[in-house]
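> Return atomic coordinates for the entry below.
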Amino acid sequence: MPSKDKPLPLESQPNALPDHIDPEQHVIATYYFGAPLGFPIQAICEGAAVEQSTGTWILVPGETPEMRKKHVAKVMGIYEGPYPEYSQPRDVTHRHYIVQVAYPWINFGQQIPMLLSTVVGNISMGGRVKVLDLRFPKSWLKAFKGPKFGIDGVYKALSLKKGRPLLNVMQKPCTGYSPETGARLLYEAARGGADIVKDDELIADAVFNRITERLPLYMEAIDKANAEKGEKTLYTCNITDRIPKLMENAEAAIEHGANALMVNYLAVGYSAVRQVCEDPSINVPVLGHMDIAGALSYSPTVGLATSLVIGKLPRISGIDIGVYPAPYGKAPLLKQRYIEMARAMAYPLQNIKPTLPMPSGGITPGHVPMVIEDLGMDIMIGTGGGVHAFPKEHGGPPAGARAFRQAIDACVQGVKLKDYAETHPELKIALEKWGSGKTGFDM
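Next comes the predicted model:
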């Protein structure tokens, strides 16, 4: 054990030049760190690096220089904004830093639970500390299979070519209805033009609406709707449950004809999702819902960034379609964060296929041009009330779905919605009811 009189060799200290770090042997975490004036930021960051790797607040006998050289996390950089060089402005009372730490991934292996325990473990209780990003090396990612289908595979499962956004309709009401009622709701949305109908995140294998009871009815409704509209429909059956019931639900759903699955990935955990998605018997797309995400990511100063919680981590775990909040409707969200999440799902990520982004939350047909302008065509637009609350006297849910498809078609053709609505009555009614999609949120 090193003594105070004999400092650790440089290679064993918890800091290093970024140029020295081998990016293939480390996961590099980028943090926001807020601290009061006079806070010993260098010493605190180095102490945290040790705390999250080889040691604790004080040197212990087993923590040898040899061990540290191989396993200690290293502070690569501490960057303050603004970045003073010769004096601190007198009016500054709180300082803001971006800190980068390199963690040898041999410490936690190619899995997410110990990764999170390492990069945001005890230090999550250390004040104003938020994980902004994680840079994963190719050597670490190669152990993950990622989405089986990805964006291209979802379009293929629907027998569609890319070129237009897909339409997903959530079952509404959220819960409390019977399998028979659910089948009717699904049929109405599907025959109107929904590409995918998903369970609401608040219902899975409920006692009043069992997976094995509703699936035969739902798939019969899909067959009927498909025959009428001449297109395919996927139904994402929510299998969320405890372990091992989660996998039992997945297997039961497949046995009863499910052509897609759904899971609340944060509620069950990333590794549970990975188990489902990587299982060879699960040969259908898996949609992931992000409930609980706000508890982990919405604080500006603690937790993890939404691009990790909703973007990279579920994608690495194998989610094919990622539901996430949009800033146009009911979700208070910065547009910059919204776009960053979509990029984390869809941009190239080594061997991992892209996840299909599915913005949702209070979206109406009038929002469709905004969604496409921000994210492009290779997306899925999610709606619930925008279809199920369509005026009954004007056709109800099937007409609501048609209004969305008409809005999508207008955008694909480069026609303004108000002009397209002149010859498409469902879209016209939707625009009259909900407007042009303007939002009151500061984006």
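
> So, low pLDDT: which residues of this structure?
Scanning the chain for pLDDT under 70 picks out 1-6, 57, 437-443.

> For the residue lying closest to Arg405 once chain neighbours are set aside, the count of nearby residues, please.
In space, and not counting its chain neighbours, Arg405 is closest to Gly193: 3.9 Å by C-beta to C-beta, 6 or more residues apart in numbering. All C-beta atoms are positioned from the backbone trio N, CA, C, and that covers glycine. Counted with other C-beta atoms under 10 Å, the neighbours of Gly193 add up to 25.

> Check the one 10 residues further on too.
By other C-beta under 10 Å, 20 other residues sit near Ile203.

> How much space separates His20 from Ile106?
Per C-beta to C-beta, to the nearest Å, His20 is found 17 Å from Ile106.

> what does Ser53 give?
Counting by C-beta to C-beta, the gap from Ser53 to Ile106 is 11 Å.

> Between the two, tell me which one has more neighbours.
Between Ser53 and Ile106, counted using other C-beta under 10 Å, Ser53 has the larger neighbour count: 21 against 12.

> Which residues does stretch 237-246 contact?
The contact list for stretch 237-246 (C-beta atoms under 8 Å, 6 or more residues apart in numbering) reads 198-201, 203-205, 211, 214-215, 218, 248-250, 253, 258, 260-264, 267-268, 272, 275-276, 289.

> Actually, stretch 21-36.
Taking C-beta under 8 Å, 6+ apart as the rule, stretch 21-36 contacts 41, 44-45, 74, 76, 78, 93-106, 115, 119, 127-140, 301.

> go on, stretch 409-424?
With C-beta under 8 Å, 6+ apart as the test, stretch 409-424 has contacts from 163-165, 365-366, 368-369, 372, 377, 403, 406-407, 427-428, 431, 436.

> what's the span of it from first residue to last?
11 Å (C-alpha to C-alpha, to the nearest Å).

> gap between that stretch and the chain center?
Remark: stretch 409-424 is offset 31 Å from the chain centroid, using C-alpha atoms, centre = their mean, to the nearest Å.

> Repeat that for stretch 62-81.
Counting by C-alpha atoms, centre = their mean, stretch 62-81 comes out at 31 Å from the chain centroid.

> Between the two ends of that stretch, how far is it?
Stretch 62-81: ends 38 Å apart by C-alpha to C-alpha.

> Would you mark the buried spots in it?
Neighbour-count burial for stretch 62-81 flags Glu63, Pro65, Arg68, His71, Val72, Ala73, Lys74, Val75, Met76, Gly77, Ile78, Glu80 (criterion: 16 or more other C-beta atoms under 10 Å).

> Quick check, the third one in contact with Leu8.
Yes: shown here, Arg68 and Leu8 form a contact pair, counting by C-beta atoms under 8 Å, at 6.6 Å.

> Can you mark which positions in the helix or strand Met370 falls within are buried?
Using DSSP states H and E, Met370 sits in helix 368-375. Using 16+ other C-beta under 10 Å as the test for burial, helix 368-375 gives Val368, Pro369, Met370, Val371, Ile372, Asp374, Leu375.

> on that earlier part again, now do the shared contacts for Ser53 and Ile106.
Contacts common to Ser53 and Ile106, judged by C-beta under 8 Å, 6+ apart, are His71.

> what about the residue nearest to Arg405, distance to Ile78?
For Gly193 relative to Ile78 (C-beta to C-beta), the value is 53 Å.

> same question, Asp419
Distance of Asp419 to Ile78, computed by C-beta to C-beta: 55 Å.

> Equivalent analysis for Glu66, please.
Distance of Glu66 to Ile78, computed by C-beta to C-beta: 27 Å.

> Kindly indicate whether the spatially most central residue of the chain is helix, strand or coil.
Nearest to the mean C-alpha position of the chain, by C-alpha atoms, centre = their mean, lies Ile310 at 2.2 Å. Classification of Ile310 by DSSP: H, G, I helix; E, B strand; the rest coil places it in helix.

> In contact with it, which residues?
Ile310 makes contact with Met290, Ala293, Ser297, Gly322, Tyr324, Met341, Ala344, according to C-beta under 8 Å, 6+ apart.
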